[in-house]
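Engineer: Let me see the structure of the following:
(one chain, ligands or ions: 1)
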Amino acid sequence: MAVVGGGPAGMVLGLLLARAGVEVTVLEKHADFLRDFRGDTVHASTLTLLDELGLGPSFADVPHQLIDRVQVMLDSGVTTMADLSRLPGPHKHIAIVPQWDFLDLLADAAKQEPTFTLRMNAEFTGLVRTGGGRVTGLRYRTSDGEVRELAADLVVAADGRRSAVREAAGLAVHSFGAPMDVWWFRVPRRPDDPTGGLGRFSSGSGLAMIPRGDYFQCAYLIRKGTDRRLRAEGVEAFRERVAKLVPWVADRLGVIESLDDVKLLDVKLDRLRRWHADGLLCVGDAAHAMSPIGGVGINLAVQDAVAAARVVAGPAKLGRITPAVLAKVRRRRWFATVVTQNIQRLVQNAFLRRTLDGGSTVAQGRTPRPVRLMRRFPPLQVVPAYLVAIGLRPEHAPAFARREPARVPRT
Ligand SMILES: Cc1cc2nc3c(=O)[nH]c(=O)nc-3n(C[C@H](O)[C@H](O)[C@H](O)COP(=O)(O)OP(=O)(O)OC[C@H]3O[C@@H](n4cnc5c(N)ncnc54)[C@H](O)[C@@H]3O)c2cc1C
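Structural biologist: You can find the predicted model right below:
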């Protein structure tokens, strides 16, 4: 089996299939997992999965921070919108860990399995098909430019939201659009700063701040397609806008020396109508790019991977991966994907779009109804916490992948 993409979906799938005894090769186009400004959240349900896989002790060794609440700051005050301490289960928080550390851990665990191969510097370039159209393998390019072929009874596209595999397969994508893009940047964090995730909204702008040890990873919302115009206004104008939103960081914004320190995320929200073709399956962002709202993309990608491993491991060992088997993966994950994306679309359209246009209640200086509700009935703060940190359909490790807790030898 070949998995294209060594992100959260691809590495979890590779590990689980290898533990089932399936021969699996994961191809990753980069030389390592190091990338700045990627999703760095490991959610409560993924922490439970790591426990089930026996990886809890190794994860505990990786330096990380814990977030147990998400708050919004409005002109009318600070409100907790998601209280993770009220969650059921052993993990009442989201861990923030550089994604490369998480992926390295998964890679080290997978390398313990004799049926697992990880090829870095291996970029997917095309599918190999039979005359009847069935996918029977793929071509990839190595770092020295050589193109090689890999035969596979199943090719899994786990190559993210710009998936080259799904494009090569010609699968139809339904795109829902988004009113905003995101500018990512960092600001220093001081010991007495808030410890939870923060959102600040005001007329025409919004900022999310994720505490990361000695800095905040910040996501500044801009109207879709305005990146070039805003950059032309220069760094000082940007610093002023951020300082107006969150005055207590104003004296730290000198760290943004130029707009080269600010990275654009082109926000997408889409999903495939069908996640499979004969001999091919899409999971994670390759099947459904998530909006950054709620930071749930990794959770869904990991859950897809667990579901896919559960569904295909048995048929793979018998050499019977049929389209009907592959269709089961989408059926299992469809409800959670669609409902989560619909909630994101609701927040985007009913709140963020209007906030950016200066027309929402918050832009008019009033407190939105959901915020008033959370202030009045704090137990309700568990609902958004559950949706974000656990999700609508958490997936548990299949029996073949479970192990007793142990420390994985780190490479
Ligand atoms: C800036 C940013 C911040 C984010 N913040 C969060 C967050 O806080 N929380 C959250 O849950 N989600 C966040 N997300 C979304 C999250 O990162 C994704 O939803 C998640 O990583 C999807 O996992 P995946 O494995 O499906 O795809 P990806 O993580 O995109 O992994 C795909 C992998 O495939 C590789 N690849 C691509 N093309 C090829 C090819 N042709 N050949 C071989 N390999 C290839 C890529 O190098 C990559 O390693 C963020 C995304 C971005 C861009």
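Engineer: quick one: whatever helix or strand M81 lives in near the ligand?
Structural biologist: Using DSSP states H and E, M81 falls within strand 77-83. No - no part of strand 77-83 sits close enough to the ligand to count as contact by C-beta under 6 Å from any ligand atom; the gap is at least 13.6 Å. All C-beta atoms are positioned from the backbone trio N, CA, C, and that covers glycine.
Engineer: just checking, what packs against that strand?
Structural biologist: The helices and strands touching strand 77-83, judged by 3 or more C-beta pairs under 8 Å, 6 or more residues apart in numbering; DSSP states H and E, are strand 69-74, helix 369-376, helix 382-389.
Engineer: Compare those and report which one is nearest to L27.
Structural biologist: Between L27 and the helices and strands packed on strand 77-83, the shortest gap by C-beta to C-beta is with helix 382-389, which sits at 30.9 Å.
Engineer: Averaged pLDDT, stretch 90-107. What do you get?
Structural biologist: Model confidence over stretch 90-107, given as mean pLDDT, is 95.
Engineer: What of stretch 252-265?
Structural biologist: 95.
Engineer: Excluding covalently adjacent residues, which one is nearest to L49?
Structural biologist: The spatially closest residue to L49, leaving aside those adjacent along the chain, is A397, at 5.8 Å (C-beta to C-beta, 6 or more residues apart in numbering).
Engineer: isn't that neighbour right next to L55, touching?
Structural biologist: No - in terms of C-beta atoms under 8 Å, A397 does not count as a neighbour of L55; the distance is 9.9 Å.
Engineer: burial count for the residue of the stretch 101-250 of the chain found nearest the ligand?
Structural biologist: With C-beta to the nearest ligand atom as the measure, the residue in the stretch 101-250 of the chain that lies nearest the ligand is G160; the distance is 2.7 Å. The number of residues packed near G160 is 21, by other C-beta atoms under 10 Å.
Engineer: And L150, by the same measure?
Structural biologist: A count of nearby residues for L150, using other C-beta under 10 Å, gives 18.
Engineer: Run through this structure and note the low-pLDDT ranges.
Structural biologist: Per-residue confidence for the chain (pLDDT under 70) gives these ranges: 36-37, 359-365.
Engineer: The helices and strands packed on strand 77-83: which one's closest to the ligand?
Structural biologist: When the helices and strands packed on strand 77-83 are ranked by proximity to the ligand, the top entry is helix 382-389, at 8.8 Å, counting by C-beta to the nearest ligand atom.
Engineer: From the contact counts, what lies against the closest one?
Structural biologist: In this structure, helix 382-389 makes packing contacts with strand 69-74, strand 77-83, judged by 3+ C-beta pairs under 8 Å, 6+ apart.
Engineer: closest to L16 out of the ones you listed?
Structural biologist: Comparing these by their distance to L16 (C-beta to C-beta), the top pick is strand 77-83, with 28.9 Å.
Engineer: Would you mark the buried spots in the closest one?
Structural biologist: Taking 16 or more other C-beta atoms under 10 Å as the basis for neighbour counts, the residues of strand 77-83 that come out buried are T79, T80, M81, A82, D83.
Engineer: Strand partners (parallel or antiparallel) of it?
Structural biologist: strand 69-74 (antiparallel) (DSSP bridges).
Engineer: how about G39, what does it touch?
Structural biologist: By C-beta atoms under 8 Å, 6 or more residues apart in numbering, the contact list for G39 reads P8, Q99, G295, G297, I298.
Engineer: Could you measure from it over to D101?
Structural biologist: Between G39 and D101 the computed distance is 13 Å (C-beta to C-beta, to the nearest Å).
Engineer: Find residues that contact each of the two.
Structural biologist: Joint contacts of G39 and D101 (C-beta under 8 Å, 6+ apart) do not exist.
Engineer: what about G213, neighbour count?
Structural biologist: With neighbours defined by other C-beta under 10 Å, the count for G213 comes to 10.
Engineer: nope, V173 is what I was after
Structural biologist: As a burial measure, the neighbour count of V173 was computed by other C-beta under 10 Å and equals 16.
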